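> quick one: sequence plus predicted model below, questions after.
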Amino acid sequence: MNSPTLPERILLFILIAASLTGFWYRFRRVAGIISAAKPDPGFHLGSLFPRVRDFISEVLLQSKVIAQRPIAGAAHALVFWGFCAFSLVTINHIAAGFGLPLLSRAGGFGQFWFAFAALFAIAVAVSISYLAARRFIAQPIWLGKVAPESGIIAALIFILMVTYLGGLAVAEQSASGRAFWWSHTLALLVFLPLIPHTKHLHLVLSPATIFFKRERFSDIPPLAGDEDFGLVNGKDITNIDALQIFSCVECGRCTEHCPAFNTGKELNPKQIILDLRSYLTSEGPSSEATLLGPHISEEAVFQCTTCGGCEFQCPVGIQHLPLIVGMRRGAVNTGAWEDSYGTKLFLTMERNGNSLGIASSERAKFIEKNALPIYDGTQEYCLWLGCMGAYDPAGRETILALVKILRYLGITFGVLRKEKCNGDPARRLGNDLLFTTLAAENIEIIGNAGVKKFLSICPHCVRTMSTDWSEAGQVVLIEHHSELLARHKMRLPVLPDEHREKVVYHDPCYLGRYRGVYDEPREVLSRAVDLLEAPRNRERSFCCGAGGGQMFLGEEKGKRINLARAEELASTGAETVAAACPFCASMFRDALKAVSPTPPKLVDIAQLTAQSLPDL
C-alpha cells in the first residue's frame, strides 16, 4: 500500500501502539523476574567461539530441532526461516503503511525479495498446517494438554502467509490489495502481544538461552558459600535458571525421552519446568515459599536417573539436570528429604567408604589375590577400581579383563592402596557435604600417591572425578577404558567370521550424552564381534535406571526402567549384550533373565576384547 490516507496512518499508529503496549505489559514482568533473580555463581562467559558456534547451529540452522525430530523439526525450521525471510518484508510492510516503502515491486531487488518471501510463505503455510494437525489431531502424549492459544497462533501464522500471497496476486492500490494489506497487518499486530503470553515467548528468549547456557552438559553450579543449600525457594533460583524456565516451548521432547515418564512414573521433565515457571509467576524470585511440596512434586524430582535425555533433546537450551539436582540439594542439605533408602546409602558411604556397604578389607584382598601392582608413580596409568570394580563380582571380572588387555598391550599401570567412593551417588542425590568430604579424602590420597593419569571402567567415576571434583578443589585427568582400547584398536586381534558372535551394545548415559563417546566402544567391538544396534542407540539410548542414585533407592513405581531397556536389547536377537558401565551391567544382570527364557549373555566390552587375547 503505497498511498495510505491520513486516517489509515493514524489508525495504523494507534494499532501498533496498542500491540506494542500489549507485548510490553507481559514481557516487562517476565524480564523483571529474570533480572531480579540472583546471579548464577557458576556462570562465566568463557570462550565466545563455542557459544557463537552453538548459536549458529542451534538457532540459525535449527540443527538440533531437525536432527532429533526430523519431520516435525523440519516443519518448525521452515516456519523459523520463514520468519527470518519475512523480517525485511514486515519492516517494509509497516513502512509502506506510513507511505515510506523500502521495497518496490518494480525494482529488481524488490521483485527478488518478494518472490523469495513468497516461496517461504508457501512453505510456512504448509508447515504450520502440518504442525497444527499434529498437535490437535494426532496429539502425541508428550505434547501434553492441548492449549487453545496454540491453535490461535497457528491460525494467525497461516493468515499472515495467505494474506501476503494474496496481496502479491492483486494490484497494491486495488480494493482487494488494501483488504489483504489490512488483514495482514491486523494478524501481525494481534500476533505480537500474544507472544509473551504463550509458549511462543521462546521466539524472544531462546536465542539468549542457547547463547548463555552453562558450558558443560549437566553442569551443576557450585554452592555460593555456607548459606547456599541448593534450590530451596525462589531466592535460590538464578537468572540463568529463570531465563531457561521462561524459554520452554512445551514441545515435550524432554518428556518423550525421559525413562521415568516412559515407565509410568510421576516425573515429567517438561512439567518440572512449567511448575517452576508457575512458581516464579505467582511467587516471584524473592519468595521464601518452598519449591518442593505445594509447587513441585518431591517424589518426581527424586525419580530422575540424571540420564540427560531431557537436556540433550531440548531445542531451546534448557538444562534440566542442574535444576533437578538443585532441588534435590535443597531437600537433602536442609534435612527435608526423608527416605530410608537414601539415609541408608549416605550412612553406608560414610562408614564404609563405598556405596555397596562392603568392608574396605575386601578390596585389599582382591588386589592381593590377583597380584595387581600398586601405583608408585612410574606407571603410565593409575587404574581406578571404583566401588563396582573393587567390590562387585561382575565389576571385578571387568577389571581383570582390562588388566589382561593392558598387559597384552604393554601398558604399565598400578592401583591405589586405598581409595573411597568418588561420591557420584551423593552428588546426584544432592548430599553436598558427603560428596565434598569423599572427594577431598580421595584428592588427598591421590596427591600423596603422585597420580598423573587415571583409567576407569566406570563412566560415572570419569564424569565425577573429571568435572564434579572441582567443588572439592581439584579435578583429575581420567579416561574411560573404551577410549584407551579404541586408541590401541589396531594392536588388538580381529576375529575371523566363524568365531564372531552377534552382540548388541548398550550406550551408557554417562559415557554417551555426558562424554560424547559413541564410536570408540563400537570400534573396539567390531574387531571381535558382529555388532547389532538397539532400537534406541547413541544419543537416544534408553537409560538402564541406575543413575542419579536410583540404583540404591529401592523399588520403582511403574515398570522398572532396567526391564524396559532389557526388553529392547533382547529383542535384537543378539547372543550377547555388551556393556561399558558396571552400573548398567548390574542393572541388566537380573533384568535380562526376567524378560527372556533364553537371555543373551551380559559382558563388558573389555571382556569381549580380552577373550580373543592369548593368556600371558
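That came through, no problem.

> mind listing the helices for the stretch 451-600 of the chain?
Assignment of helices within the stretch 451-600 of the chain using DSSP state H, counting those that start in this stretch yields the ranges 459-466, 481-487, 519-525, 561-571, 582-595.

> packed most tightly, which of those helices would that be?
helix 459-466 (a mean of 26; mean count of other CB atoms under 10 Å). (Each C-beta comes from the backbone N, C-alpha and C, glycine too.)

> angle of it against helix 582-595?
Per axes from the mean of the first three to the mean of the last three CA atoms, to 10 degrees, the angle that helix 459-466 makes with helix 582-595 is 160 degrees.

> which helices and strands sit right next to helix 459-466?
Other helices and strands packing on helix 459-466, by 3 or more CB pairs under 8 Å, 6 or more residues apart in numbering; DSSP states H and E, are helix 424-429, strand 454-456, strand 478-480.

> so how far is it from its chain's centroid?
17 Å (CA atoms, centre = their mean, to the nearest Å).

> tell me the average confidence for it?
Averaging pLDDT along helix 459-466 gives 97.

> ditto for stretch 359-376
The predicted model gives stretch 359-376 an average pLDDT of 96.

> same thing with stretch 237-254?
Stretch 237-254 comes out at a mean pLDDT of 94.

> and that stretch, how far out from the chain middle?
Centre-to-centre, stretch 237-254 and its host chain are 12 Å apart (CA atoms, centre = their mean).

> same question for stretch 357-375.
Distance, centroid of stretch 357-375 to centroid of chain: 37 Å (CA atoms, centre = their mean).

> just the endpoints, please. Distance across it?
Taking CA to CA, to the nearest Å, stretch 357-375 runs 25 Å from one end to the other.

> now do the buried residues in it.
358, 363, 366-367, 372, 375 (16 or more other CB atoms under 10 Å).

> and stretch 207-222, by the same measure?
So for stretch 207-222, counting by 16+ other CB under 10 Å, buried means 207-214, 217-221.

> which two among those are spaced furthest apart?
Greatest spatial distance among those (CB to CB): 207 and 220, at 24.4 Å.

> out of the buried residues of stretch 357-375, name the ones that lie in helices.
Those of the buried residues of stretch 357-375 mapping onto helices are 363, 366-367, per DSSP state H.

> could I get the full set of strands for the chain?
381-384, 413-414, 454-456, 478-480, 502-505, 530-533, 576-579, 601-604 (DSSP state E).

> and these: which comes nearest residue 106?
The nearest among the strands of the chain, by CB to CB, is strand 530-533 at 57.7 Å.

> that older thread, let's have the helices of the stretch 451-600 of the chain in CSV, adding distance to residue 405.
Shown next, in CSV, are the helices of the stretch 451-600 of the chain (distance: least, CB to CB, whole Å):
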stretch, distance to residue 405
helix 459-466, 18
helix 481-487, 7
helix 519-525, 10
helix 561-571, 24
helix 582-595, 16
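
> between those helices, which one is closest to residue 88.
helix 519-525 (42.7 Å).

> can you list contacts of that closest one?
482-483, 485-486, 489, 492, 503, 505, 507, 511, 531, 578, 580, 605, 608-609 (CB atoms under 8 Å, 6 or more residues apart in numbering).

> one more time with 6 Å
482-483, 485-486, 489, 505, 531, 578, 580, 605, 609 (CB atoms under 6 Å, 6 or more residues apart in numbering).

> helices or strands next to the lengthiest helix in the chain in the packing?
Scanning the chain for the helix with the most residues, using DSSP H, yields helix 6-36. In terms of contacts (3 or more CB pairs under 6 Å, 6 or more residues apart in numbering; DSSP states H and E), helix 6-36 is packed against helix 175-194, helix 239-246.

> between the helices and strands packed on helix 459-466, which one is nearest to residue 313?
Going by CB to CB, the one of these nearest residue 313 is helix 424-429, 19.4 Å.

> not counting sequence-adjacent ones, nearest residue to residue 581?
residue 508 (3.7 Å; CB to CB, 6 or more residues apart in numbering).

> got the contact list for residue 230?
Shown in contact with residue 230 (CB under 6 Å, 6+ apart): 326, 329-330, 333.

> could you rerun that using 8 Å?
223, 236, 325-333, 430, 432.

> ok, the residue nearest to residue 581 - contacts?
Each residue near residue 508 by CB under 8 Å, 6+ apart is listed here: 459, 541, 544, 579-581, 583-584.

> can you rerun that using 7 Å?
459, 580-581, 584 (CB atoms under 7 Å, 6 or more residues apart in numbering).

> any idea how far it is from residue 448?
31 Å (CB to CB, to the nearest Å).
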